[in-house]
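Asker: predicted model, plus sequence, below.
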Amino acid sequence: MFVEIEKMMTDTELKELVAGLAIAHEKTERDLDSLIAQNEIAHAKREKELDSLIEQNKITQAENAASFKKMEALFKNMGIHIGGMANSHGLSTEEYFYNSLFENPRLGHIQFDEISKNLHNKIPNLEDEFDITLFNGNNVALIECKYRAKEDDVVKLINKKVSNFRQLYPYYADHTIYLGIASFSFDDRIEKFAKENGVAILRQKGDVVEIEADNLKPY
């Protein structure tokens, strides 16, 4: 085939073609070398930035650890243990709502005669505790107290607490059980979910407890 091309082209044209191919090849190699060099520079820059971020993160972690130690020492001097702070939130929530319901043990239209806090019982293979429990001759109300209420708290109250209470306290097996979730913080989604399932909402409003129990559902 090259023989046929040579026959169709003059010596001058053939030389020009070969020279052009050589120039194009050289340009391609230069472009490739430039691209490789740029990529190496970019890679080195990324590695340098990554090393800088890692170093900054180490410094931040060290600063946070130092701050935490200072805070822990301060709290310790004040007689406060950080590990128990979350529990203290829960205890203060229970205490607040218990004191309010003690003065008026009522949930919606139902008046109760007795109230208990942190009712605890244990049988083989089952143990549970109930934050606030209200009693009368026919009904029981189980109130779960959370500093910040979550949907899982309502689900657990419905699916687990009712069954556990009936097993742990068979004396109340024939009583109707009503449910409530008490918290200092609710979002609209959780409130809607609780109300749809007939669970009363107990929240702080100023100096009093506001109770929404219009849609109470017996369990």
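Answerer: All right, it came through fine.
Asker: for Ile36, see how far away the residue nearest to Asn164 when sequence neighbours are not counted is.
Answerer: Nearest non-adjacent residue to Asn164, counting by C-beta to C-beta, 6 or more residues apart in numbering: Asp128, 4.3 Å away. Quick note: C-beta positions are derived from backbone N, CA and C, even for glycine. Applying C-beta to C-beta, to the nearest Å, the value for Asp128 to Ile36 is 68 Å.
Asker: more crowded one of the two?
Answerer: Asp128 (17 against 10; other C-beta atoms under 10 Å).
Asker: for the helix or strand harbouring the more buried one, what does the pLDDT average out to?
Answerer: Assigned by DSSP states H and E, Asp128 falls within strand 126-135. Confidence over strand 126-135 (mean pLDDT, whole number) is 97.
Asker: for that strand, packing partners?
Answerer: When contacts are defined as 3 or more C-beta pairs under 8 Å, 6 or more residues apart in numbering; DSSP states H and E, strand 126-135 packs onto helix 85-103, strand 114-123, strand 139-146, helix 162-168.
Asker: okay if I get the ones you listed as a markdown table plus distance to Tyr219 and mean pLDDT?
Answerer: Shown next, in a markdown table, are these (distance: least, C-beta to C-beta, whole Å; pLDDT from 0 to 100):
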| stretch | distance to Tyr219 | mean pLDDT |
| --- | --- | --- |
| helix 85-103 | 19 | 75 |
| strand 114-123 | 17 | 96 |
| strand 139-146 | 9 | 97 |
| helix 162-168 | 5 | 97 |
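Asker: mind listing the helices for this structure?
Answerer: 2-8, 11-77, 85-103, 151-156, 162-168, 188-196 (DSSP state H).
Asker: hmm, Val162 and the residue nearest to Asn164 touching each other?
Answerer: No - counting by C-beta atoms under 8 Å, Asp128 sits too far from Val162 to count as a contact (10.7 Å).
Asker: quick check: end-to-end length of stretch 176-190?
Answerer: Stretch 176-190 has an end-to-end distance of 24 Å (criterion: C-alpha to C-alpha, to the nearest Å).
Asker: so which bits of it are buried?
Answerer: Buried residues in stretch 176-190, defined by neighbour count with 16 or more other C-beta atoms under 10 Å: Ile177, Tyr178, Leu179, Gly180, Ile181, Ala182, Ser183, Phe184, Phe186, Ile190.
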